[in-house]
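Trainee: I need the structure of the sequence given here:
(one chain, ligands or ions: 1)
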Amino acid sequence: MGTRLAWIFCAMITPALTLAEDDLKLPDPLADAQGKPITTAEAWEKEVRPRTLELFREHVYGRSPAAPKWDKAASTFTPLELPADSGMSATDCVLKFPTPKGQLEVKLRLVEPKPADKPVPLFILINNRAPDLADLDKPNEFWPAAKIAKRGYATAIVHVAQFDPDKNEGFKDGVHALYDTQPRKPDSWATIAAWSWGASRVIDALSTRPGIDPKKIAVIGHSRGGKAALWCGAQDERVALTISNDSGCTGAALSRRIHGETVADINKGFSHWFCENYHRYYNKEQELPVDQHQLIALLAPRLAYVASAKEDDWADPLGEFLCCVHAGPVYRLLGVTGLESDKMPEAGGHLHGGRIGYHIRPGTHNLTLVDWKEYLDFADRHWK
Ligand code: GTR
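Mentor: Residues are numbered from 1 along each chain as shown. This is a model prediction of the structure:
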């Protein structure tokens, strides 16, 4: 404990973070299978990136099935009535996908700015909270659709329960009922991976919509939804900007810091979120073949954003920041800057200049208007 406090103190006063590396013994994100650091973008793309993805599949999130073909003809898009001066249009979409055991139906609400003279970027929010956050008659901070539209962005909200209800019932419902075969394997996908896979199904459909710019699709999630957003962005390279809002343990926080929620805590509290293999690492973080900075590295050179809340100690804000710092070598190898600085901002501050954005907001665990403003500012800076 003493060492950890001393380390936090050092990290706060010095921009150099070599001590963190020594202390945490993080896996080198650029190491090949023999442990030797690679030096070319090609080796990253062909060798280390696929291997890193496989390690996360096998040991953490589990393996998801291949994408089904979106059934465009069977899907429906129903416009909602909104006041003419609302500055937006809204559409209820019901997407259909054939699966091995019947049809998957995905419902979502899409809000687009109006008028729009060219295709616009899209923010897909993975909603792990109440379904009525999608209700446009009840404006809320979690999905401030009208405000997002006013900034010139489209946004869609999709509820996680239709992919997999957030409960441990032995993987009998949601997409597991449509895909899984028994017995389950130690690396079978679980709930977080099902949500990530679901967000990719939304991209299947909305990336073909004429009003949407398919090169500017962001996937965002809060907390458990943020873990899902990161895993979605890691696997699905159509995601141009991946946003983790307070995702914490097995999201954007380094597991080896053992601060706040640990691998044992999360697996005991939510035994249905990750694959069975991940349960082998209770109090054995050092034995994990990957740590979460490598998940951010899988987003490189695409845009990534990690946000923390100052009082959200359970999610380990410093661990989330360091995760971004330690993804940096991969961004650099690919010729771009990850975080623009290794120095953690004070609460209220942000880093928007690099391909990895970061902010820490005063206050507690939540997705708020303050967070959304930061995300939209970051998107403006990199996309407009
Ligand atoms: C907590 C859990 C976190 C986080 C959070 C949430 O109870 O320990 O990992 O996901 O729930 O989703 O709000």
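
Trainee: contacts and neighbour counts: CA atoms only from here.
Mentor: OK.

Trainee: separation between the residue in the stretch 151-300 of the chain positioned nearest to the ligand and residue 266?
Mentor: Nearest to the ligand in the stretch 151-300 of the chain, going by Cα to the nearest ligand atom, is residue 224, at a distance of 3.6 Å. In this structure, residue 224 and residue 266 are 11 Å apart, going by Cα to Cα, to the nearest Å.

Trainee: okay, the two: which has more neighbours?
Mentor: residue 224 (24 against 17; other Cα atoms under 10 Å).

Trainee: Find the nearest non-adjacent residue to the more buried one, please.
Mentor: Computed as Cα to Cα, 6 or more residues apart in numbering, the closest residue to residue 224 that is not its neighbour in sequence is residue 247, at 6.0 Å.

Trainee: Just confirm that neighbour contacts residue 229, I think it does.
Mentor: No. Counting by Cα atoms under 8 Å, residue 247 does not reach residue 229; the two are 9.1 Å apart.

Trainee: any residues in contact with both of these two?
Mentor: residue 221 (Cα atoms under 8 Å, 6 or more residues apart in numbering).

Trainee: which residues touch the residue of the stretch 151-300 of the chain closest to the ligand?
Mentor: Contacts of residue 224 by Cα under 8 Å, 6+ apart are 128, 192, 247, 251.

Trainee: restrict these to those near the ligand?
Mentor: Contacts with the ligand are made by none of the contacts of residue 224, judged by Cα under 6 Å from any ligand atom.

Trainee: before we move on, back to that, which residues sit in contact with the residue nearest to residue 224?
Mentor: 221, 222, 223, 224, 225, 226, 227, 253, 315.

Trainee: Which element, helix or strand, includes the first one?
Mentor: Secondary-structure element containing residue 221, defined by DSSP states H and E: strand 212-222.

Trainee: Mind listing the strands that strand pairs with, and their directions?
Mentor: strand 120-127 (parallel), strand 241-245 (parallel) (DSSP bridges).

Trainee: quick one, phi/psi of residue 194?
Mentor: phi -70, psi -40 (degrees, to the nearest 10).

Trainee: Verify the contact between it and residue 166 for me.
Mentor: No. Counting by Cα under 8 Å, residue 166 is not a contact partner of residue 194; they are 10.4 Å apart.

Trainee: Neighbour count: the two, which is higher?
Mentor: residue 194 (29 against 18).

Trainee: mind listing what residue 253 touches?
Mentor: 247, 292, 293, 315, 316, 317, 318, 319, 320, 321, 322, 323.

Trainee: Among the residues you listed, list the two that are farthest apart in space.
Mentor: 293 and 315 (14.7 Å; Cα to Cα).

Trainee: what does the protein put close to the ligand?
Mentor: So the chain meets the ligand at 223, 224, 249, 266 (Cα under 6 Å from any ligand atom).

Trainee: Quick check: the farthest pair among those?
Mentor: Taking Cα to Cα, no two of the residues of the chain next to the ligand sit farther apart than 223 and 266, at 12.2 Å.

Trainee: Just the buried residues from the contacts of residue 247, in PyMOL please.
Mentor: PyMOL command restricting the contacts of residue 247 to the buried ones, with burial defined by 16 or more other Cα atoms under 10 Å:
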select buried, resi 221+222+223+224+225+226+227+253+315
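
Trainee: Tabulate the contacts of residue 247 in JSON lines, adding columns for pLDDT.
Mentor: Compiled in JSON lines, the contacts of residue 247 are given as follows (pLDDT from 0 to 100):
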{"residue": "221", "pLDDT": "99"}
{"residue": "222", "pLDDT": "99"}
{"residue": "223", "pLDDT": "98"}
{"residue": "224", "pLDDT": "99"}
{"residue": "225", "pLDDT": "99"}
{"residue": "226", "pLDDT": "99"}
{"residue": "227", "pLDDT": "99"}
{"residue": "253", "pLDDT": "98"}
{"residue": "315", "pLDDT": "98"}
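
Trainee: and residue 248, how many neighbours does it have?
Mentor: 32.
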